[in-house]
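Participant: requesting a structural model of the entry that follows:
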Amino acid sequence: MRRIVFSLAVLMFAGVLSAAAQQDTVRTQAPDNDAILRETINSASPYYYPTLFTRYLTGDTTLTNTDYRYLYYGFVWRPEYKPFETPAARDKILQILEADSLNEADYRRVIAYGNEVLKKEPFDPGAINFLIYAYGGIGDTLNERINYYRLQGVLNAIKSSGTGLSEESPWHIIYFSHVRDFLASENIICGKERVISRTVAYTPLLVKEKGVKGYYFDFGRIYWQRPDKEPEKRSSGWEFNGLPLKRRAAPSVEKVE
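Facilitator: Below is the predicted model of the structure:
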């Protein structure tokens, strides 16, 4: 298998998300687990999970940064949350992307498998990235744009959870694979992570940037519940969690109802 480079960074577009969606300001701080649970199970709350999640699934682009924090971190209390299971559809996507070029049928297969992954891991940045690429490949700008908003929302939720610069202020993730996906979105090339405490891992940079040697991630939520089966062996080949993207002009961003 030739190396597939995951480059979420090429999907970022400055100033594009200037519409109403995602415009609330969220202070950088660790997620308040008690508050998130309390709000997401309260049917009178604007963050009641079934309602919020339905909005996410239907492609609502008016979801705010705060909404995404409740969506992302609230998912760990859902029965569907199984952080030690890897959807088989992800490997099928990577097999398709080994081709030197893709045709419309290939893009549609990627879309089908990408949506299959999201049924199990609805906030997987890699799968959303695949969908953006594939929808763009068939000219479906509506779904391409919806998934741009989703990707930004998930990444912003993680970024708002800490500075990532110390063990006391790590970025909080709910799946191991989200570490490399998130760093790729920041165009950061990193080495193999090292577990430094019961809940925090340190990921060194291959090339130091502005005095930063590496970043810290909190993975504690992954172990809140006893897994249904033994954890799968974690691959060191996270660089295969992506695809070679051709640079494409950013889609228009009129609000999608």
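Participant: use CA for all of it now, contacts and neighbours both
Facilitator: Fine.
Participant: give the buried residues for stretch 70-89.
Facilitator: By neighbour count with 16 or more other CA atoms under 10 Å, stretch 70-89 contains the buried residues 70-77, 81-85, 87, 89.
Participant: now the strands: where do they sit in the stretch 1-150 of the chain?
Facilitator: Remark: no strands are assigned in the stretch 1-150 of the chain by DSSP state E, counting those that start in this stretch.
Participant: where does the prediction get shaky in it?
Facilitator: Residue ranges of the stretch 1-150 of the chain with pLDDT under 70: 1-23.
Participant: only alpha carbons, please: show the helix ranked longest in the chain as CSV.
Facilitator: Of all segments of type helix in the chain, defined using DSSP state H, the longest is helix 141-159. Extracted C-alpha coordinates of helix 141-159, given in CSV (Å, rounded to 0.1, in the frame of the first residue of the first chain):
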residue,chain,number,x,y,z
THR,A,141,-21.8,21.4,-3.4
LEU,A,142,-24.7,21.3,-0.9
ASN,A,143,-23.4,18.2,1.0
GLU,A,144,-19.8,19.3,0.5
ARG,A,145,-20.6,22.6,2.3
ILE,A,146,-22.6,20.8,5.0
ASN,A,147,-19.7,18.6,5.8
TYR,A,148,-17.3,21.6,5.8
TYR,A,149,-19.4,23.0,8.6
ARG,A,150,-19.4,19.7,10.4
LEU,A,151,-15.6,19.4,10.2
GLN,A,152,-15.1,22.9,11.4
GLY,A,153,-17.5,22.3,14.3
VAL,A,154,-15.8,19.2,15.5
LEU,A,155,-12.3,20.6,15.2
ASN,A,156,-13.3,23.8,17.0
ALA,A,157,-14.8,21.8,19.8
ILE,A,158,-11.5,20.0,20.4
LYS,A,159,-9.5,23.1,20.0
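Participant: same for that helix, what does it pack against?
Facilitator: Applying 3 or more CA pairs under 8 Å, 6 or more residues apart in numbering; DSSP states H and E, we find helix 141-159 packed against helix 65-74, helix 125-137, strand 171-172, helix 177-185.
Participant: and for the closest residue to Y107 other than its chain neighbours, the neighbour number?
Facilitator: Leaving aside its sequence neighbours, Y107 sits nearest to A134 (CA to CA, 6 or more residues apart in numbering; 4.9 Å). Burial measure for A134: 25 neighbouring residues, criterion other CA atoms under 10 Å.
Participant: quick check: the gap between A134 and N115.
Facilitator: Distance of A134 to N115, computed by CA to CA, to the nearest Å: 11 Å.
Participant: and E167, by the same measure?
Facilitator: Per CA to CA, E167 is found 35 Å from N115.
Participant: remind me, longest strand of this protein?
Facilitator: Using DSSP state E, we find that the single longest strand of the chain is strand 200-209.
Participant: name the helices or strands packed onto the helix or strand just after that strand?
Facilitator: Using DSSP states H and E, the helix or strand that follows strand 200-209 in sequence is strand 212-218. If you count contacts as 3+ CA pairs under 8 Å, 6+ apart, strand 212-218 packs onto strand 171-172, strand 200-209.
Participant: any chance of the ones you listed in TSV, with mean neighbour count and mean pLDDT too?
Facilitator: Formatted as TSV, these follow (neighbours: other CA atoms under 10 Å; pLDDT from 0 to 100):
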stretch	mean neighbour count	mean pLDDT
strand 171-172	28	98
strand 200-209	17	89
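Participant: can you redo those strands as a markdown table with distance to I36?
Facilitator: Formatted as a markdown table, the helices and strands packed on strand 212-218 follow (distance: least, CA to CA, whole Å):
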| stretch | distance to I36 |
| --- | --- |
| strand 171-172 | 14 |
| strand 200-209 | 21 |
